[in-house]
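Asker: build me a structure from this.
(chains A and B)
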Amino acid sequence: MLEVRITKSLKQFTLQTEFRVGKETVALLGPSGAGKSLTLRCLAGLLEPDEGTIRLNDRVLFDSSGRVNLPARERKIGYVFQNYALFPHLTVQQNIEYGIFYLKSGERRDKTMGMLRRMRLEDQGDRYPGQLSGGQQQRVAMARALVTEPELLLFDEPFSALDTAVRGKLQKELAGLWEEFGIPILLVTHSLDEAYVLCSKIAIIEAGMVIQLDEKEKVLRRPANRAVARFTGTKNIFDGTVVAVNDEEILIRSNQCLVKAPPAAFQPGESISFFNRPEDVSIVRDVHFCENQFSGQIVEEMAHTHSYTLFIKLQESLKGYRDYDLQLEIPRTVYSGLNIGDRKSCIVVFSRESVGFIG
Amino acid sequence: MTAMDWFPLYLSIKVAVSATLVTLVLGLPLAWLLARGDFPGRELLDAVATMPLVLPPSVLGYYLLVVLGREGLIGRFLEETMGISLVFTWQGAVIAASIVALPLLVKTAVESLESVDPELESAARTLGRSDIAVLFTITIPLAWRGIVAGVVLAFARALGDFGATLLVAGNIPGKTQTMAVAIYDAIQAGNSELANFLVLVMTVFAFGTLLILNRLNRVVRRR
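Answerer: Next up, the predicted model:
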């Protein structure tokens, strides 16, 4: 169990984090410069917070009131740096042995060999970091941290140094390995996708503060505020009033539109904010009989490698914040199949399950 | 030609080797402080450490004479408490050569220490190593090339010093007369035969030393 409550004044903002992490993998997600890496450095003892406490299991690592500030070497926290920070003048094996220098040589060798096997680096022991691929370097960095049997493992943007082609494969590998570790893991990233693939919980950080820390599904389904909603890929946010509530759905009025949403604990008459994601909205050619179906005009479109982003203005508008009502994303094949490029008018639908609430 | 007096060469080597060791002991911590330290007055310390490179050696020699001489602060203290006088001794020459050589080592060492990624040191600390262990297992090995280059430069500078050495240690044949001073002495005396010979010896020795040091450096690099 890791308990953190620290503040640290910096030039641009004040880092003010407070969170608890059990034996789980948590992603610290936020835009660059939000204080994610700084938080890791404070935990590892590489940076001293102005005040607060850091507890790991039964040990106090930092306590400004009790004047406790354990040096990095006594914290038992493994740190995998953004560029891996492997020692270039030492072989892979020497890199891994670096942190267990105090063991007898036989024991040290055994542990190192075991770790090399576990990370599928058996044949790389005598090579130097510069001779390894990015993925291998990442595994060496992990092996070097893990062999010291840390009580917490920190990853700072572990995939930023790798190209996108190998990223997906390595993320899958990593997620598999992490399950074996059995210690809390904190991952810093600015990619929602990476956070979602690798972690069970997501902490959204902005301007030095943890805005929300929840199960990843909950962060996506029920963001704490608009900032979290935007950061987790929500583009369509609306205000509305609850009209009716029953066991199967709730009905929301937003300007002239009536929107059906999944059941939630709201009262009729309550003002709420709700949203859906561009990829959950689709376009149909003809009017069907289905829920949340609206007709509108395409006011702008943007072509991507695999998809199109369309901006739609509805005939009966929703109470939103932009000069269009909905942003949606459809695959290229769907786009060309519908011939909507010529018509510009369309019918959009989204399921009631795709509607989420903010707050 | 009369029997060659090898004393100046011997003394030059002794002074240069001693001065290089002194420079290394004083210069490395100083370089580390300048490269990694974050303290008020860092710029000032940097400037002071660079001064010997800029000032004429005679000015340095004069300062040393003032400080180490019988009327100087340190000179008087040493004389009164331990009965030691540094002026006009070979130890005085070592001090002069050290001061002259120091900036060359410090400048090169600072540059190579700064080129070591601080993240590597951070990584080493999270792996349970003390700051001093990190210095000797990570920082210095990675900065080694630059440090060796600095040592070679410092040695060369110490070997060749004339002005500061002359002012502090004087020109006492068989006691403080180094090669550089002996050559000057021979030219002054119009003994061009001796001067030519000493210049040749000095040139051969300096050239040979640099060749050997370069070779050693390359061996170290390859490992």
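
Asker: which bits of chain B sit near chain A?
Answerer: Counting by Cβ under 8 Å from any Cβ of the partner chain, the residues of chain B close to chain A are B:117, B:119-120, B:122-130, B:137-138, B:141-142. (Each C-beta comes from the backbone N, C-alpha and C, glycine too.)

Asker: which among those end up buried?
Answerer: Restricting these to buried positions leaves B:119-120, B:122-129, B:137-138, B:141-142, with burial counted as 16 or more other Cβ atoms under 10 Å in any protein chain shown.

Asker: one step back: among the residues of chain B next to chain A, which are in helices?
Answerer: Helix and strand membership here follows DSSP state H; of the residues of chain B next to chain A, those in helices are B:119, B:120, B:122, B:123, B:124, B:125, B:126, B:141, B:142.

Asker: can I get those in a markdown table with pLDDT?
Answerer: Formatted as a markdown table, those follow (pLDDT from 0 to 100):
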| residue | pLDDT |
| --- | --- |
| B:119 | 94 |
| B:120 | 96 |
| B:122 | 95 |
| B:123 | 96 |
| B:124 | 96 |
| B:125 | 95 |
| B:126 | 96 |
| B:141 | 92 |
| B:142 | 93 |
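
Asker: sec struct for the residue in the stretch 151-300 of chain A that chain B sits nearest to, please.
Answerer: For the stretch 151-300 of chain A, the nearest residue to chain B under the criterion Cβ to the nearest Cβ is residue A:154, separated by 8.5 Å. In terms of secondary structure, residue A:154 is strand; the call rests on DSSP: H, G, I helix; E, B strand; the rest coil.

Asker: quick one: contacts for residue 120?
Answerer: No chain specified, so I'll use chain A. Neighbouring residues of residue A:120 by Cβ atoms under 8 Å, 6 or more residues apart in numbering or on different chains: residue A:139.

Asker: actually it's chain B I care about, not the one you picked
Answerer: Residue B:120 touches A:85, A:87, B:138, B:142, counting by Cβ under 8 Å, 6+ apart.

Asker: quick one: which of the residues you listed is nearest residue A:130?
Answerer: Using Cβ to Cβ, residue A:87 is the member of the contacts of residue B:120 that sits closest to residue A:130, with 10.8 Å.

Asker: doesn't residue B:127 make contact with that closest one?
Answerer: No: between residue A:87 and residue B:127 there is no contact under Cβ atoms under 8 Å: 9.7 Å.

Asker: point me to the residue of the stretch 51-200 of chain A nearest chain B.
Answerer: Residue nearest to chain B within the stretch 51-200 of chain A (Cβ to the nearest Cβ): residue A:99, separated by 3.4 Å.

Asker: from residue B:206, how far off is that residue?
Answerer: Distance, residue A:99 to residue B:206, by Cβ to Cβ, to the nearest Å: 46 Å.

Asker: which one's more surrounded, these two?
Answerer: Here residue A:99 and residue B:206 are set side by side on neighbour count (other Cβ atoms under 10 Å in any protein chain shown), and the busier one is residue A:99, at 23 against 17.

Asker: does the more buried one touch residue A:147 like I think?
Answerer: Yes: taking Cβ under 8 Å as the definition, residue A:99 is a contact partner of residue A:147 at 6.2 Å.
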